[in-house]
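Colleague: coords please:
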Amino acid sequence: MRLFDQKLSLLVLLLTLPLLFLPKINLWNMDAQETAGLRIDDFLLLAFGSLLMWSHAITQQRLNKIEGWILLITALSLLSYLLNRVFVSIDLLHNDAKIVYVVRLLEYFMFFYIGAIASQHLNGALIIRLFFLLNLLLMTLQKLNLAGGIISAGYHDDVSGRVQGIASFPSEMGLLLNLLF
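Modeller: Modelled structure (predicted):
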């Protein structure tokens, strides 16, 4: 995992680690009925992923097994998306797929590398505790209707029915908390 030197690792970490704590607001929505869209974190993760691919090429380092599987699954997802486009265009399917969901897997996988870099410089348990405490505080304030929530479309002043913490929607926070524990 030594693709980056110490200074570059710290720079990448400073740019990407805050993504865990920032609200997820769409800069560009895919569809009015969808929560998917392009966000600031997508652009930062694209830059990090490009840097990672460049470092693989420069150091002539082979992909490890999990990277190969992720790329294969992404390629199959892309093929599925392209077939969906063909079938929708000839009226064999009426469920229009979105390209964002194909690359979302790669986006989530970038956090594996961010975690690996963070483990070289920071105490992971401390980050998890901070993340948990921040969400506990925010979710308590949301439940008491003293704070709103930032959803993918922007700020919503009352989320007391289903608190979400820093996530875009409540089910995402449920997933994050389950992974945390």
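
Colleague: show me the contacts for Asn95.
Modeller: When contacts are counted by Cβ atoms under 8 Å, 6 or more residues apart in numbering, Asn95 is found next to Asn84, Val88. Backbone N, C-alpha and C define where each C-beta goes, glycine included.

Colleague: Am I right that it sits in a strand?
Modeller: No - the assignment for Asn95 by DSSP: H, G, I helix; E, B strand; the rest coil gives coil, which leaves it out of any strand.

Colleague: Gln60 versus Leu38, what's the distance?
Modeller: Using Cβ to Cβ, to the nearest Å, we find Leu38 at a distance of 32 Å from Gln60.

Colleague: in this protein, which spans are helices?
Modeller: Listed in chain order, the helices found in the chain under DSSP state H are 6-16, 40-59, 65-89, 100-121, 124-143, 170-180.

Colleague: rewinding a little: which one's more surrounded, Leu38 and Gln60?
Modeller: The neighbour count for Leu38 versus Gln60, taken as other Cβ atoms under 10 Å, is higher for Leu38 (14 against 6).

Colleague: what's the nearest residue to the more buried one if we skip its chain neighbours?
Modeller: Sequence neighbours aside, Trp28 is the residue nearest to Leu38 in space, at 4.4 Å (criterion: Cβ to Cβ, 6 or more residues apart in numbering).

Colleague: Next one, pLDDT for that neighbour please.
Modeller: Predicted confidence (pLDDT) for Trp28: 73.

Colleague: Can you tell me how far it is from Ser77?
Modeller: Relative to Ser77, Trp28 is positioned 21 Å away (criterion: Cβ to Cβ).

Colleague: And the pLDDT at the residue nearest to the spatial centre of the chain?
Modeller: Within the chain, the residue whose C-alpha comes closest to the C-alpha centroid is Tyr108; the distance, by Cα atoms, centre = their mean, is 4.8 Å. pLDDT recorded at Tyr108 is 78.

Colleague: what bits of this protein have low per-residue confidence?
Modeller: Scanning the chain for pLDDT under 70 picks out the ranges 1-4, 23-26, 29-37, 152-153, 169, 180-181.

Colleague: Let's see that with 50 instead.
Modeller: 1 (pLDDT under 50).

Colleague: With neighbour numbers in mind, choose between Trp28 and Ser77.
Modeller: Counted by other Cβ under 10 Å, Trp28 and Ser77 do not tie: Ser77 has more neighbours, with 18 against 9.
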